[in-house]
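>>> Sequence below, structure please.
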Amino acid sequence: MNVILSINPEYCDEIKNGNKKYEFRKRIFRYRETVDFVFMYSTSPVKKIVGVFTIESIIEDNPRKLWEKFKDFSCVEEEKFFEYFGRREKGFAIKIKEVKTFKPIDPKKLIPDFSPPQSFCYF
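Presented below is the predicted three-dimensional model:
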């Protein structure tokens, strides 16, 4: 199984450059043990699939603890991080294993009725 993950363009670039080692999420895919590849959908203004990565692990914890453990590999400002999680008691850090990039793909050419996932969708 594969997943398409909506990611802001600035973070896609950091993942592709190898600087961002963790992608943070409020919720995670139900079938995470069976996910082979995560396709990066770069949100507006790019609106294309720009690469794919494999998952090394998924860490579930309190956002404050996630920040303390992974802030140096997040490429996210502290204020934005905590704004994203709000008052949530738990969050997820996806540890990125291997990244492959390719020429950006318009997902509507692959999936005619494609609409960008709010967070993620199975693919």
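>>> Let me see the contact set for the most centrally placed residue in the chain.
By CA atoms, centre = their mean, the chain has its centre lying nearest to residue 23, at 4.7 Å. If you count contacts by CB atoms under 8 Å, 6 or more residues apart in numbering, residue 23 has them with 5, 7, 11, 15, 93-94, 96. (Glycine included, C-beta is placed from N, CA and C.)
>>> where does it fall, phi/psi-wise?
Main-chain torsions, residue 23, degrees, to the nearest 10: phi -110, psi 130.
>>> okay, and the helix or strand of the protein with the least pLDDT?
Within the chain, no helix or strand scores below strand 120-122, which has a mean of 83 by mean pLDDT, DSSP states H and E.
>>> Could you list every helix and strand that that strand packs against?
Applying 3 or more CB pairs under 8 Å, 6 or more residues apart in numbering; DSSP states H and E, one finds that strand 120-122 makes contact with strand 2-7.
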